[in-house]
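>>> give me coordinates for this.
(one chain, ligands or ions: 1)
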Amino acid sequence: MSLLHEFESVTEPLRLEELFPVTHPAELEIGCGDGGFLLEWATRHPKKNFIGVERLLGRIRKLDKKGRRAELTNLHLLRFEARYLLQYLLPDHAFDAVHIYFPDPWPKDKHRRHRLIGEHFPELARRILLPNGIVHLRTDDPAYFEQMQESFLPAKYFSVTETPVELANVTTEFERQWNEEGKPTLRVSYRLEK
Ligand SMILES: C[S@@+](CC[C@H](N)C(=O)[O-])C[C@H]1O[C@@H](n2cnc3c(N)ncnc32)[C@H](O)[C@@H]1O
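Below you'll find the model as predicted:
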């Protein structure tokens, strides 16, 4: 059976308990691509449920295929625009962790408003995270990394926390590519206060 979600409504918030056979703590990856990270992370953590969000059909179809081949029952995929999901469709206070790795950097000044992590992001993340939930971010782009940190600075309900070594060691598709080209991973994690 496909892991891709069939949206019956694009106005009613999703109900996680209806998406998985067993209710477990849940994590979310936004912009999961074809699953270089998520497949490995979900395989390592069978007692957690995972949602992957990706807007490109080709990429998420590849992940669907790989997830089915691995017989993962703790992975569910949403082909949808992340901002709309964050604002309207993801449930309140539902996730232990949100992973966003190598989001599109939009390097030109006039395109910066397209970046996902900006001044409004911490509030969106706060809505969907459980107390003590963590946002994990990675990028290869120093200017975007700075913007990520500036965006979280005024959000006093988040504090910087260490990224677990086990997590940092699970790399993404883009990360492997950039690292091979000599661009190091810039990473930061933020924990939501109780
Ligand atoms: C640079 S790629 C990184 C993919 C993966 N995280 C990795 O590190 O290998 C960014 C991914 O985010 C997806 N993406 C960008 N903006 C998005 C949005 N607003 N909603 C959903 N997916 C988005 C893109 O389609 C792309 O697959």
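>>> run a quick neighbour tally on residue 175.
Close neighbours of residue 175, defined as other CB atoms under 10 Å, add up to 21. The way it works is simple: take the backbone N, C-alpha and C, and place the C-beta from them, glycine included.
>>> might one say that it is in contact with residue 169?
No. Residue 175 lies out of contact with residue 169 (CB atoms under 8 Å); the separation is 11.0 Å.
>>> and the protein, which of its residues are near the ligand?
Neighbours of the ligand within the chain, by CB under 6 Å from any ligand atom: 31-33, 36, 53-56, 59, 81-83, 101-104, 172-175.
>>> can you point out the buried residues in stretch 89-107?
Using 16 or more other CB atoms under 10 Å as the test for burial, stretch 89-107 gives 89-90, 94-103, 105-106.
>>> these in strands, which ones?
95-101 (DSSP state E).
>>> show the contacting residues for the residue of the chain found nearest the ligand.
For the chain, the residue closest to the ligand is residue 31, as judged by CB to the nearest ligand atom, at 2.7 Å. By CB atoms under 8 Å, 6 or more residues apart in numbering, the residues touching residue 31 are 53-54, 82, 100-104, 116.
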